[in-house]
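A.B. asks: okay, here's the prediction I keep looking at, along with the sequence it came from:
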Amino acid sequence: MRTDSSSGTLPAREHLPAATAGTPVLDVVIPVYNEEKDLQPCVRRLHDHLTRTFPYPFRITIADNASTDATPDVSQLLETRIPEVTSFRLEQKGRGRALRAVWAASDAPILAYMDVDLSTDLNALLPLVAPLISGHSDLAIGSRLARSSRVVRGAKREFISRSYNLILRGSLQARFSDAQCGFKAIRRDVAQILLPLVEDTGWFFDTEMLVLAERAGLRIHEVPVDWVDDPNSTVHIVRTATEDLKGVWRVGKALATGSLSLDRLTRPFGDDPRDREIMDVPKGLARQLVGFCFVGGLSTLFYLLLYSGFRQFSGSQVANALALLVSAIANTAANRRLTFGVRGRSGAVRHQAQGLVVFGIGLSLTSGSLVALNAATSDPAHSTELAVLVAANLAATVLRFLLFRVWVFPDRRESEDRPATASPGPASSTYSTTASQAPLGQRRNTTADPYDTTQFRVGEAADGTWRDATTRLQPVRPHDTDPGDAR
């Protein structure tokens, strides 16, 4: 799992502006491996559909994953005959590797991909990318498991697909419904920062990308699709499932240990009045209270179980101290990650030390309550001891939350709430928009127009690449086209 911690907070989502047509708005990637028979009809059908229905310039990119048949020749032929088609050759297999390479080289602001068999009805393509163009969402996926989707496939694949998504929900708390549907899109400014964090180069690439995006708080739009299974699919189900489960374990471990720097994928709120700050109401208080209560409830149960266990071989004071110490360490770690959203190992030792100070206060309250109980009666019942400890812990909990919020985990987001027009730092730069089209894989320096005041801040990738600005767009209307143009 990649753990590069380079900062690069994303700017607020905005509708891609309309301007003169030039660089394609949409780049649809088709990863292929030994698809000499299906490639040409697929590309021609997709090209015809986009020409008739898509109101912006587009590009179709064939990503050849080290094919050993005539697929490269077919790709070159399509590139020669269709101006909107480009071929890209990779000498290594892997769908994730192909998407990463092509999306890194693309200059289109919206990046998508679909499987070569075109199992998904193409009428879902425009609804897929529209929320990304409008600035409403960061990623978009087709879902075969939505209620309104219509799917034709065998019982075996249906069972495997639903089982896999249940595993994702149970192990990684994923809320999206379909991870493996070969029909997805992403905004390029999001891909610049998100993809360097994705390690997988095969079929798990999609799942890892979606899980990290969701955990970072990015918005994922789901489109119900009509989908017909390809009976001639060459996907090896058992091997793919095994690799996916290994990926689930790897990503789950990285998320649990906080080794991923997802903070640089956060976005500021938009212009929705509901997102505006309300005076005298601490930001995030409601969410933190819910998280703290949830963690506190589990910690209390954990504490009582430990106390009951330690009480079997020690006195009440010793059992209370040991149970409170162990549960306090676990409570601080859980609140650090779940309640206050602190990720990574930076400051973990200091937070635990401060948590132990808070633990000392709680120990004083609970120990004092036991002293008072023992003073009132020489042989209190075990149930009475537990009741007194619960009451004392409730009082300690209120104080613990206040100390956690104000002292241990103070609000670190003040610097992140600055407007997107602030001076760019080392990880985000200001670029003038450009309407010129560059060939796939080439990077060109752009010169800012002093009379053009439309500028965008684009988060920079960890490796310093992908520095193009979001492209200015112009809808293509039938009466704007050249009468001699085949489109």
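C.D. replies: Here it is on my side, so go on. Numbering: from 1, shown residues only.

A.B. asks: shaky segments in the stretch 51-200 of the chain?
C.D. replies: Applying pLDDT under 70 to the predicted model, the stretch 51-200 of the chain contains no residue that meets it.

A.B. asks: report the mean per-residue pLDDT for the top helix by length along the chain.
C.D. replies: Within the chain, and with DSSP state H defining each element, the longest helix by residue count is helix 348-376. Average pLDDT, helix 348-376: 84.

A.B. asks: now for that helix, which elements pack on it?
C.D. replies: helix 316-334, helix 382-403 (3 or more C-beta pairs under 8 Å, 6 or more residues apart in numbering; DSSP states H and E). The way it works is simple: take the backbone N, C-alpha and C, and place the C-beta from them, glycine included.

A.B. asks: by contact count, what packs against the longest one?
C.D. replies: The reference is to helix 382-403. Packed on helix 382-403, when contacts are counted by 3+ C-beta pairs under 8 Å, 6+ apart, are helix 285-310, helix 348-376.

A.B. asks: got the angle between that helix and helix 348-376?
C.D. replies: Comparing the axes of helix 382-403 and helix 348-376 via axes from the mean of the first three to the mean of the last three C-alpha atoms, to 10 degrees yields an angle of 140 degrees.

A.B. asks: and helix 382-403, C-alpha only, in CSV?
C.D. replies: Once non-C-alpha atoms are left out, helix 382-403 reads as follows in CSV (Å, rounded to 0.1, in the frame of the first residue of the first chain):
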residue,chain,number,x,y,z
HIS,A,382,-20.8,-7.3,43.0
SER,A,383,-23.9,-5.9,41.2
THR,A,384,-23.8,-2.8,43.5
GLU,A,385,-20.1,-2.3,42.7
LEU,A,386,-20.9,-2.4,38.9
ALA,A,387,-23.8,0.0,39.3
VAL,A,388,-21.6,2.5,41.2
LEU,A,389,-18.8,2.2,38.6
VAL,A,390,-21.2,2.7,35.7
ALA,A,391,-22.5,6.0,37.4
ALA,A,392,-18.9,7.1,38.0
ASN,A,393,-17.9,6.3,34.4
LEU,A,394,-20.8,8.4,33.1
ALA,A,395,-19.5,11.4,34.9
ALA,A,396,-16.0,10.7,33.7
THR,A,397,-17.2,10.2,30.2
VAL,A,398,-18.6,13.8,29.9
LEU,A,399,-15.3,15.2,31.2
ARG,A,400,-13.4,12.9,28.9
PHE,A,401,-15.2,14.1,25.8
LEU,A,402,-14.5,17.7,26.7
LEU,A,403,-10.8,17.1,27.3
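
A.B. asks: starting at the chain centroid, how far to it?
C.D. replies: In terms of C-alpha atoms, centre = their mean, to the nearest Å, the centre of helix 382-403 is found 38 Å from the chain centre.

A.B. asks: now tell me what touches that helix from outside.
C.D. replies: Residues lying outside helix 382-403 but in contact with it, judged by C-beta atoms under 8 Å, 6 or more residues apart in numbering, are 289, 292, 296, 300, 303-304, 307, 311, 316, 320, 358, 361-362, 365-366, 368-370, 373, 377, 380.

A.B. asks: buried residues in it?
C.D. replies: 385, 388-389, 392-393, 396-397, 400-401, 403 (16 or more other C-beta atoms under 10 Å).

A.B. asks: and which of those is nearest to Thr23?
C.D. replies: Checking the buried residues of helix 382-403 against Thr23 with C-beta to C-beta, the nearest one is Phe401 at 51.0 Å.

A.B. asks: relative to Thr51, how far out is the closest one?
C.D. replies: For Phe401, the distance to Thr51 (C-beta to C-beta, to the nearest Å) stands at 59 Å.

A.B. asks: same check on Leu126?
C.D. replies: Here the criterion is C-beta to C-beta. By it, Leu126 lies 13 Å from Thr51.

A.B. asks: ok, Asp226 next?
C.D. replies: Asp226 sits 21 Å away from Thr51 when distances are taken as C-beta to C-beta.

A.B. asks: so which helix or strand takes in Gln192?
C.D. replies: Using DSSP states H and E, Gln192 maps to helix 188-194.

A.B. asks: how about Arg153, what does it touch?
C.D. replies: With contacts defined as C-beta under 8 Å, 6+ apart, the neighbours of Arg153 are 227-229.

A.B. asks: from Ser119, how far off is it?
C.D. replies: Separation of Arg153 from Ser119 (C-beta to C-beta): 9 Å.

A.B. asks: then Phe54?
C.D. replies: Applying C-beta to C-beta, one obtains 20 Å for the distance of Phe54 from Ser119.

A.B. asks: and Glu79, by the same measure?
C.D. replies: If you measure Glu79 against Ser119 using C-beta to C-beta, the figure is 24 Å.
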